[in-house]
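Enquirer: just a sequence and a predicted model for now, questions to come.
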Amino acid sequence: MKKKIAIVGGGAAGFFTAINLAESRADLDITLFEGSNKLLAKVLISGGGRCNVTNRIEDATQLSLKYPRGSTFLLEPFSVFGSKQTKAWFEERNVPLKTEDDGRVFPLSNTSSTIYNCLTQAARTAGVKIELGKRLEKFRHNGDHWELAFKGVNLTANALVLATGSSPKVYKMVEKNNLKIIPPLPSLFTFNAKKHQFIPLAGLSVPNAYTSIKEIKGSKEDGPLLITHWGYSAPSILKLSAWYARELADLDYIFTLVINWNAYNRNELKTAFQTYTTSRPKDKVYSWKEHNLPKRLWQVLLKEAAFQEYTNWSEIGKKGIERLLDKLCCYEVRIAGKSTFKEEFVTAGGIDLAQVEPATFALNKHPNLYAVGEVLNIDAVTGGFNFQAAWTGGYIAAKALSHSV
């Protein structure tokens, strides 16, 4: 009789585990259980429907630095199966990929359905069974097997892989099996501005801002910044939300966002402005071109700095220079809340990594129990890194299972 492997969760990590295990061990009975009626939901919506498969960073150390939680843990797994191996895996299955200027890797087709079709076809070809509408309600170890309870159905399996994503119900089941859970919190979210005065500028972006949180010492990120109808978004904001997820939760998401709109060096800018007062005294401040900002944003910032359209450089004085520097280099915005980044909800928290073996993704002291993907206390900044953790965990777990059952 074939040994039975139960993989719970029909997302990226679950599919990757199932496929790689089935391709290496045709003698196993592998079933993937999905609680909803949809497979690979995040794959289909990620990257604006294009699926940001991974990132061009191939060095394991540099790759691991993109994970606020899980960086040290992932160093060993990434040396075995990182972004280089992920790209090769998909390309070997006739999915050509492309790398964009910012390092994100997408299918050449520019549609997530290509990745969806690749994974579902590979699972079928390898003989993986798929059960939809099977939401896990309980699991426990008994003798040499695992007992699983779904609604109205009880099953047994020789090995169990949890790939359930961030599920409060599953976390409770995990705790009942004497495993520690780090309380989950939102990560990768946008900031809602209190009394948002930039609503008329919604849709404007800058390519290289510095952002920080006044209440969190040492917080600083860079990258594109987008003004939205509700506040602020884009990588410079999302990275802050990821790295400081727990600190922001402690602040109840009420804090002061500080923006340097173009990564300006304040001292250099101050020297330039002082020089302008004598080298171009009659030039209007409004006409200055070197700010490299959208024109409408520049005009609003000048207005907030109390300048008139006719103000020239010889008239601004020392206090005027400082007001302008404040608006350009340390613009303060009061934030009062957060919003999910599109539909790509990511959490910080999950199964404590101290209980997980990085060489196998097996849970310590629990025979033939594995966990992969977002059910673990692993999360990353944007750029394809969360999917990379899923592919890596799935591959490592499959490799370990192929030798242990």
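Expert: Looks like it arrived, so ask away.
Enquirer: could I get the full set of strands for the stretch 1-150 of the chain?
Expert: Using DSSP state E, counting those that start in this stretch, the strands of the stretch 1-150 of the chain run over residues 4-8, 29-34, 54-55, 97-99, 104-107, 129-132, 136-142, 145-150.
Enquirer: of these, give the one that comes closest to V161.
Expert: With CB to CB as the measure, strand 4-8 is the member of the strands of the stretch 1-150 of the chain nearest V161 (4.4 Å). All C-beta atoms are positioned from the backbone trio N, CA, C, and that covers glycine.
Enquirer: what are the pairing partners of that closest one, and which direction each?
Expert: Sheet pairing here is set by DSSP bridges, and for strand 4-8 it gives strand 29-34 (parallel), strand 159-162 (parallel).
Enquirer: can you put the ones you listed in TSV and add mean neighbour count and distance to L363?
Expert: Below are these laid out as TSV (neighbours: other CB atoms under 10 Å; distance: least, CB to CB, whole Å):
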stretch	mean neighbour count	distance to L363
strand 29-34	23	18
strand 159-162	28	8
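Enquirer: wait, which of those is closest to N177?
Expert: Using CB to CB, the strands paired with strand 4-8 put strand 159-162 closest to N177, at 10.2 Å.
Enquirer: where along the stretch 51-200 of the chain do the helices fall?
Expert: 60-64, 71-80, 83-92, 113-126, 168-176 (DSSP state H, counting those that start in this stretch).
Enquirer: let's have these in a markdown table, adding distance to A41 and mean neighbour count.
Expert: Formatted as a markdown table, these follow (distance: least, CB to CB, whole Å; neighbours: other CB atoms under 10 Å):
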| stretch | distance to A41 | mean neighbour count |
| --- | --- | --- |
| helix 60-64 | 25 | 18 |
| helix 71-80 | 24 | 18 |
| helix 83-92 | 19 | 18 |
| helix 113-126 | 10 | 18 |
| helix 168-176 | 16 | 16 |
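Enquirer: quick one: which of these is nearest W391?
Expert: Here helix 83-92 is closest among those (CB to CB), at 4.9 Å.
Enquirer: what helix or strand does Y310 sit in?
Expert: Taking DSSP states H and E as the definition, one finds Y310 inside no helix or strand.
Enquirer: need the pLDDT of the closest residue to it other than its chain neighbours.
Expert: Leaving aside its sequence neighbours, Y310 sits nearest to K284 (CB to CB, 6 or more residues apart in numbering; 6.5 Å). On pLDDT, K284 comes in at 97.
Enquirer: just F341 next, same as before
Expert: 60.
Enquirer: likewise for E344?
Expert: E344 is given a pLDDT of 52.
Enquirer: neighbours of R323, how many?
Expert: R323: 17 surrounding residues under other CB atoms under 10 Å.
Enquirer: residue numbering should commence at 55 henceforth.
Expert: New numbering, starting at 55: the last item is R377.
Enquirer: okay then, goodbye and thanks.
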